[in-house]
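>>> With the sequence up front, the predicted model follows.
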Amino acid sequence: MPEEQGGTDQRIPRHVSVVMDGNGRWAKQRHLPRVEGHRRGLESVRTAVRGCGEAGVEALTLFAFSSENWRRPASEVRALMGLFRWVLEREVEALRENGIRLRVIGDRQGLGDNLIPLIERAEATTAEGTRMTLNIAANYGGRWDIAQATQQLAREAAEGSLDPADIGEEAIRSRLALADLPEPDLFIRTGGEQRISNFLVWQLAYTELYFTPTLWPDFDEEALQAAFESFSKRQRRFGRTGEQANALTGH
Ligand code: IPE
Ligand code: IPE
Ligand code: MG
């Protein structure tokens, strides 16, 4: 596997996925409304996009709104959707200028008729970007992803274009969101909780997990570098022995 270099001899992950957690607690600590934490979290998104782009990361996938986040108070859901809309209207040009291709993954029908055209336009505007792919997971759940892949497989089998005997891991994998990208090498979760919360459950099977108590609005360039640093010290064995893994990576 080719190693991406970011100007140092540190090993840089090709694909980074992030559960951006802790916005609400950040706001609460300051006696501010939760939405203020989400607003400040946007600044960390910009920092992470810039930092990953500069380091040579090929894909960055951010968990913005889970299938389960609809359970929050309606006013918070509205505020989060409003922020997403704002990003789609105001930040896309900057992404295009920086060669970043934006994609939205998740059950888009559930996001409503006013967001869908904005999402389509943002994806079309940035489609030529080659520096980095930025995936925003919105109304996304890892279980939803596996279910939608399964539905596709069933449809193909019913139409006769797929033999059920050919349904194996590769058939499922190739129908999931992000199938055209390498699986995440590094998973970062801010905010102190150590769980996946229904993020990319299939795709994370062999991802290196990194948990930090830092709340997302405080996650700055230095915090990102600390995550890269931790990643670069890990030995990825994929079931092999340490010696075999060393031989494969030439160490
Ligand atoms: C993460 O921050 C953002 C979203 C889930 C949209 P939270 O809002 O979950 O922040 P905490 O966990 O309450 O601090
Ligand atoms: C996960 O955070 C979802 C996002 C960051 C969008 P949550 O704050 O919703 O996760 P739980 O509920 O604590 O597991
Ligand atoms: Mg949370």
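Noted; the coordinates are in hand. Numbers count the residues shown, from 1 in each chain. Ligands and ions are numbered 1, 2, ... in the order given.

>>> Please spell out which residues along stretch 218-225 are buried.
Judged by neighbour count (16 or more other C-beta atoms under 10 Å), stretch 218-225 contains these buried residues: 218-219, 223-224. For every residue, glycine as well, the C-beta is placed using N, CA and C.

>>> And the pLDDT at the residue of the chain found nearest ligand 1?
Residue of the chain nearest ligand 1, by C-beta to the nearest ligand atom: Gly24 (2.6 Å). Gly24 carries a pLDDT score of 98 in this model.

>>> swap in Gln10?
Looking at Gln10, the pLDDT reads 81.

>>> From ligand 2, how far out is it?
Separation of Gln10 from ligand 2 (C-beta to the nearest ligand atom, to the nearest Å): 27 Å.

>>> Spit out the contact partners of that residue.
228-229, 232 (C-beta atoms under 8 Å, 6 or more residues apart in numbering).

>>> do Glu123 as well
By C-beta under 8 Å, 6+ apart, the contact set of Glu123 is 102-104.

>>> Ligand 2 next: which of those residues are close?
Subset of the contacts of Glu123 in contact with ligand 2: empty, counting by C-beta under 6 Å from any ligand atom.

>>> Save those residues as JSON lines, and put in pLDDT and neighbour count too.
JSON lines is the format used below for the contacts of Glu123 (pLDDT from 0 to 100; neighbours: other C-beta atoms under 10 Å):
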{"residue": "Leu102", "pLDDT": "98", "neighbour count": "24"}
{"residue": "Arg103", "pLDDT": "98", "neighbour count": "20"}
{"residue": "Val104", "pLDDT": "98", "neighbour count": "24"}
